[in-house]
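Visitor: Below: sequence and its predicted model.
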Amino acid sequence: MGRYLAKMMFNININEENQSSQFDEQTRIIEAKSSEEAFIKARSLGRKEEEVFLNKENKSVRWKFIDVIDLFHLEQAKDGDQLYSLTHEKEDAKTFINYIRHKSMVVQSKSLTFV
């Protein structure tokens, strides 16, 4: 049994005509015997998580699974390998850097002993 990281994409729509669509990209760990099995398992998981519900404003929210967009076999990964990259473009770099440093401090305070 191997471990895989599956990147999955969902579309989130709120019943408003003028609202733009939101997309939620999720990275999940999948245990499977092969990459084919991992892909099928991830796709099945995504479909099971589709739902429609009413939000606090009583508007219909629909989570629709689009598909698996990437699959990484973790046993083949080496220390320091890059698995994911996302480039952010921000008008206010200083605020974004402060936000990232704050998030890092939260991670440290929850899980590390050298804080």
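Guide: Sure, I can see it. Keep in mind the model is a prediction, meaning the values are calculated, not measured. Numbering: from 1, shown residues only.
Visitor: Find the residue at the geometric middle of the protein.
Guide: The centroid of the chain falls nearest to Gln26 when counting by C-alpha atoms, centre = their mean (1.8 Å).
Visitor: Apart from its chain neighbours, what residue comes closest to that one?
Guide: Met8 (4.9 Å; C-beta to C-beta, 6 or more residues apart in numbering). The C-beta positions use only the backbone N, C-alpha and C, and glycine is treated the same way.
Visitor: Looks like the one you found contacts Phe23 (just checking).
Guide: No: with contact defined as C-beta atoms under 8 Å, Met8 does not reach Phe23; the gap is 10.8 Å.
Visitor: between these two, who's got more neighbours?
Guide: Met8 (22 against 9; other C-beta atoms under 10 Å).
Visitor: Need the three-state assignment for Arg28.
Guide: strand (DSSP: H, G, I helix; E, B strand; the rest coil).
Visitor: go on, Lys90?
Guide: coil.
Visitor: what does Glu75 give?
Guide: Three-state call for Glu75 (three-state DSSP): helix.
Visitor: measure it to Arg3 for me?
Guide: 7 Å (C-beta to C-beta, to the nearest Å).
Visitor: Compare the two (neighbour count), which wins?
Guide: The neighbour comparison of Glu75 against Arg3 (other C-beta under 10 Å) goes to Arg3, with 14 against 7.
Visitor: Quickly note the distance from that one to Asp70.
Guide: For Arg3 relative to Asp70 (C-beta to C-beta), the value is 15 Å.
Visitor: again with Lys94
Guide: Taking C-beta to C-beta, one finds Lys94 at 32 Å from Asp70.
Visitor: Show me which of the two is the more surrounded one.
Guide: The neighbour comparison of Lys94 against Asp70 (other C-beta under 10 Å) goes to Asp70, with 14 against 8.
Visitor: residues contacting that one?
Guide: The contact partners of Asp70, taken as C-beta atoms under 8 Å, 6 or more residues apart in numbering, are Leu5, Ala6, Lys7.
Visitor: again with Leu86
Guide: For Leu86, no contacting residues are found, by C-beta under 8 Å, 6+ apart.
Visitor: ok, now Leu5?
Guide: Thr27, Arg28, Ile29, Ile30, Asp70, Leu71, Phe72, Leu74, Leu83.
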